[in-house]
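> predicted coordinates and the sequence they were generated for:
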Amino acid sequence: MLERYIIQPETMWKKVEKGYQLYSQIAVIRGVDHVHIYLAGQVPRDPETGEVVGKGDMRAQIRQVCENIKMGLEHVGATFDDVVYARTFTTDMDEYYRCSDERYKNYFTSDPPPCTLIEISRLGSPDMMVEIDVEAIIEPERLRV
C-alpha cells in the first residue's frame, strides 16, 4: 500500500495568484521499503520575502536555488546524497556552465545524480536565470511528515 503526502512547508515560498496557491513544493510517496520524494522546481527566491536573489548573477542564483532545495529535502528527512535525478532549466546555458561548479562543490558533493539541462527563453520571472527540480529516495524510517 502506498501513502501519498502533498506538503507545503511554512518555511518555503509559495506561489499564490488571485488568492489560489498554484502548486505545493513537495510530494511524497511512501511504500513499504522506500519513500520517493518529488521537489517542485526551485527558483532563486528568498523564501521569506519572495524576492528574486542575485539578479544578473548566475552563481548567486544557483546558490539560492540549492539552498531552497536543501530546505525542502531536509523538511522531509532527505539530503542531497539522496537525490536520484535533477532537472535544470536555465536562460543562459553558457553562463550556467561557467558557474555550475557552485552546485557540485557545495551541494551535490558525492556522486552527481543523473541530470537533464535545458535552455529556455524565460522562467517565472524575467530576473530568474535558473530553476532546478529534484527527485530523491529514502528509507521509510527517515521520513518526516
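On my side now, so go ahead. Numbers count the residues shown, from 1 in each chain.
> compute the number of surrounding residues for residue 90.
Residue 90 has 24 neighbours, counted by other CB atoms under 10 Å. Any C-beta I mention is one placed from the backbone N, CA and C, and that applies to glycine too.
> return the distance of the residue nearest to it when sequence neighbours are not counted relative to residue 17.
In space, and not counting its chain neighbours, residue 90 is closest to residue 96: 4.2 Å by CB to CB, 6 or more residues apart in numbering. Using CB to CB, to the nearest Å, we find residue 96 at a distance of 28 Å from residue 17.
> hmm, which helix or strand of this protein has the shakiest average pLDDT?
Lowest by mean pLDDT, DSSP states H and E among the helices and strands of the chain is strand 16-17, with a mean of 86.
> and that strand, which strands flank it?
strand 20-21 (antiparallel) (DSSP bridges).
> name the residues that touch the strand it pairs with?
8, 14, 15 (CB atoms under 8 Å, 6 or more residues apart in numbering).
> nearest to residue 124, of those?
For the contacts of strand 20-21, the residue nearest residue 124 by CB to CB is residue 15; the value is 7.8 Å.
> correct me, but the closest one touches residue 22?
Yes. Residue 15 is within contact range of residue 22, at 4.5 Å (criterion: CB atoms under 8 Å).
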